[in-house]
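J.: Build me a model:
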Amino acid sequence: MDYKTKIYGLVGHPLEHTASPAIHNAAFEALGLNAVYLVFDIEPTVFEDAIKGLKALKVCGFNVTIPYKEQIIPLLTHLDPSAAKVGAVNTVKLDGDSLLGYNTDVIGFLAPLLELDLKLNEMTALILGAGGAAKACVRALLEAGCREVIVLNRSIERALNLSKQHNTKLKVGHLNEESLKEALSRASLVVNATPVGMYPNVDESIIPKALLRSDLIVYDLVYRPTQTKLLKEAKEAGATTISGYKMLLEQAAESFSIWTGLEPPKEAMLKALKMELGVEDVG
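T.: Numbering: from 1, shown residues only. Got it, this is the predicted structure:
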């Protein structure tokens, strides 16, 4: 690094287990760019001041993760349509004194599903959680033509706020044992958009094993561990599973393209991600 090194990074809290630096630094190295991707673990009480600090330091761009995907919006100069539709931002680009907000989670979430060549217009999807990641999942599935999307969340108020942004294809409800059982009986795709099962709480699963079926597609946005308890038990039930590392890679590649204007070196990014997570391959 030298005085010309371009700085990118990730803002969120907590961030001790993020894999994003490995992905982006591998991309910079693969293309011979003088750039570095750092981690900015920011306490909620100083979030706004920290963003001003990144701007003053002329950081070129940064990703935004839990719990700031919505909180960042009032601090931005411009909101790209990709983020305005979702109501959440996961990528910020600095252009002079302007902060431009984007959402690459929609593209990242949808990519692994498109690989399965599903008939989404014939499917009911169940999303567990109503935060920034869940918002992107809802937008992606509705735009892809999903027949019906159900969102269950422990905070019904947050789920109802999400409902106001979308059409009648979206149903929301309070997450409890009864509502989960009923929604799962109608769904063919289920998405965990909560942190349940994330390291170090690897013995937790948001769905009881007894409710999992062989005809389900189970998509867990948690990527550390790549094989969460939910995915392990879904596999044992014969279900098709998708690990969250695939979404992480795709959204990172799109962020890289927004920041640099270059084609992302996805092969190098995937290799670095798998090395970071300590796996050869997962479903």
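
J.: Just the pLDDT for the closest residue in space to residue 240 that isn't next to it in sequence.
T.: Once flanking residues are discounted, residue 240 sits nearest to residue 217: 4.6 Å by C-beta to C-beta, 6 or more residues apart in numbering. Where you see a C-beta, it was placed from the backbone N, CA and C, and this is true even at glycine. Among the per-residue scores, residue 217 holds a pLDDT of 98.

J.: right, and residue 87 touches residue 70 too?
T.: Yes: counting by C-beta atoms under 8 Å, residue 87 does reach residue 70; the two are 6.7 Å apart.

J.: Of those two, which one has the most company?
T.: Legend: neighbour count by other C-beta atoms under 10 Å for residue 87 and residue 70, higher for residue 87 (19 against 15).

J.: can you give me the helices for this protein?
T.: Using DSSP state H, the helices of the chain run over 20-30, 47-56, 81-84, 105-115, 132-143, 156-164, 177-186, 229-236, 244-260, 266-277.

J.: In terms of pLDDT, where does residue 281 sit?
T.: So, for residue 281, pLDDT stands at 60.

J.: where does the stretch 101-250 of the chain have low pLDDT?
T.: Low-confidence segments of the stretch 101-250 of the chain (pLDDT under 70): 167-168.

J.: what do you get if the cut-off is 90, keeping everything else the same?
T.: 117, 131-133, 155-169, 199 (pLDDT under 90).

J.: What residues does the spatially closest residue to residue 231 that is not a sequence neighbour make contact with?
T.: Leaving out its chain neighbours, the residue that sits closest to residue 231 by C-beta to C-beta, 6+ apart is residue 241, at 4.6 Å. Neighbour list for residue 241: 217, 218, 219, 220, 231, 234, 235, 283 [criterion: C-beta atoms under 8 Å, 6 or more residues apart in numbering].

J.: mind checking how far residue 241 is from residue 263?
T.: Applying C-beta to C-beta, to the nearest Å, the value for residue 241 to residue 263 is 29 Å.

J.: and if you look at residue 157?
T.: In terms of C-beta to C-beta, residue 157 sits 42 Å off from residue 263.

J.: can you check residue 145 too?
T.: Counting by C-beta to C-beta, the gap from residue 145 to residue 263 is 28 Å.

J.: follow-up on the earlier one: the residue nearest to residue 231 bridge partners, please.
T.: residue 218 (DSSP bridges).

J.: Distance-wise, check it relative to residue 159.
T.: From residue 241 across to residue 159, the span is 25 Å (C-beta to C-beta).
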